[in-house]
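**Student:** only geometry, no sequence info:
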């Protein structure tokens, strides 16, 4: 039998490590300004955020109905409207240069920064 | 399996389903997909220690299937199923090595593996590794919510003392 104290220490250590790692990931920045709008595993749009001069938006239809409205502004992108029940993707806010993608689970939509050629997904 | 036992399992399934459905109505606490309390995990842990892996699996499968039907989301079904199964798998060895006072550990590790299972489905469906960035965040949330559900299951086992 493993002692309770051992479990507590292991879980606490794991929590601290994961917290540090999460913080590192959430606050880190990525090179590159090209974002990909990925639906169901296929890239349906590629946008260079640094070349956007005027705000525009477009709608993405889900594979099984439902839609997301994607809003693009100079240097940033977000999902402004969605008809899914939780609307987590809308609450996630703007994507500029962070490695964390915007995800809409019910509509299988991911908006992520494109990896600069040759570098790893999680750099720095 | 006698009638009384079937009734008990059905009652536990109902409780899990209610927790699952009520939780789905709560607004998301943080804007991170996949982060939730996982209240139904209480029932899984309870069934695992009270009745064993087989009955826990039956309750889990019934809850995941019916929960997805009621929520009307087939996507949620895949996520719940893969997460739930991985959570169940890891609980089998835990059941043997944990003492009565350590049952809450099962909730923590179960929740973490539930989130790992969800990420695996996510990578499979989206065919992009971009979502892997969420793994540490989700595992951390699994530890925190698992502590809550684990202790809930622990006190439940203690207080019910074999009456359900």
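**Tutor:** The structure has been received and is ready for your questions. Just so you know, these numbers come straight off a predicted model, no measurement behind them.

**Student:** Geometric centre of chain B: which residue is closest?
**Tutor:** The centroid of chain B falls nearest to residue B:41 when counting by C-alpha atoms, centre = their mean (3.2 Å).

**Student:** er, chain A actually
**Tutor:** residue A:101 (1.0 Å).

**Student:** From residue B:143, how far out is the residue nearest to the centre of chain B?
**Tutor:** 13 Å (C-beta to C-beta, to the nearest Å). C-betas here are computed from N, CA, C, even on glycine.

**Student:** Get me the contact residues on chain A for chain B.
**Tutor:** A:1-2, A:4, A:7, A:11, A:14-15, A:18-19, A:21-22, A:25-26, A:38, A:40-41, A:64, A:85-86, A:88-89, A:91-93, A:99-101, A:103-106, A:108, A:110, A:112, A:121-122 (C-beta under 8 Å from any C-beta of the partner chain).

**Student:** out of these, which are inside strands?
**Tutor:** A:38, A:103-104, A:110, A:112 (DSSP state E).

**Student:** Can you say which of those residues are buried?
**Tutor:** Buried residues within those, counting neighbours by 16 or more other C-beta atoms under 10 Å in any protein chain shown: A:38, A:103-104, A:110, A:112.

**Student:** wait, which of those residues is closest to residue A:73?
**Tutor:** residue A:112 (17.4 Å; C-beta to C-beta).

**Student:** Can you give the domain ranges for chain A?
**Tutor:** Here chain A is described, according to automatic domain parsing, as comprising the domains A:1-30, A:31-113.

**Student:** Dump those domains to TSV, plus mean pLDDT.
**Tutor:** Below are those laid out as TSV (pLDDT from 0 to 100):
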stretch	mean pLDDT
domain A:1-30	91
domain A:31-113	88
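
**Student:** right, so those domains: which one is the most enclosed?
**Tutor:** The highest average neighbour count among the domains of chain A, using mean count of other C-beta atoms under 10 Å in any protein chain shown, belongs to domain A:31-113 at a mean of 17.

**Student:** packing partners for the host helix or strand of residue A:77?
**Tutor:** Using DSSP states H and E, residue A:77 falls within strand A:76-82. Contact analysis of strand A:76-82 by 3 or more C-beta pairs under 8 Å, 6 or more residues apart in numbering or on different chains; DSSP states H and E lists strand A:67-73, helix A:88-91, strand A:102-104, strand A:109-113 as its packing neighbours.

**Student:** Now do the biggest helix by length in chain A: distance to the chain's middle.
**Tutor:** The longest helix of chain A (DSSP state H) is helix A:4-27. For helix A:4-27, the separation from the chain centroid amounts to 22 Å (computed by C-alpha atoms, centre = their mean, to the nearest Å).

**Student:** Please work out which residues outside it touch it.
**Tutor:** With C-beta atoms under 8 Å, 6 or more residues apart in numbering or on different chains as the test, helix A:4-27 has contacts from A:98-100, A:122, B:99, B:101-102, B:105, B:108, B:133, B:136-137, B:139-140, B:143-144, B:147.

**Student:** what's the helix or strand for residue A:32?
**Tutor:** Per DSSP H and E, there is no helix or strand for residue A:32.

**Student:** what's the distance between it and residue B:128?
**Tutor:** 16 Å.

**Student:** gap between the two ends of stretch A:45-55?
**Tutor:** Distance between the two ends of stretch A:45-55: 16 Å, counting by C-alpha to C-alpha, to the nearest Å.

**Student:** so how far is that stretch from its chain's centroid?
**Tutor:** The chain centroid and the centroid of stretch A:45-55 are separated by 17 Å under C-alpha atoms, centre = their mean.
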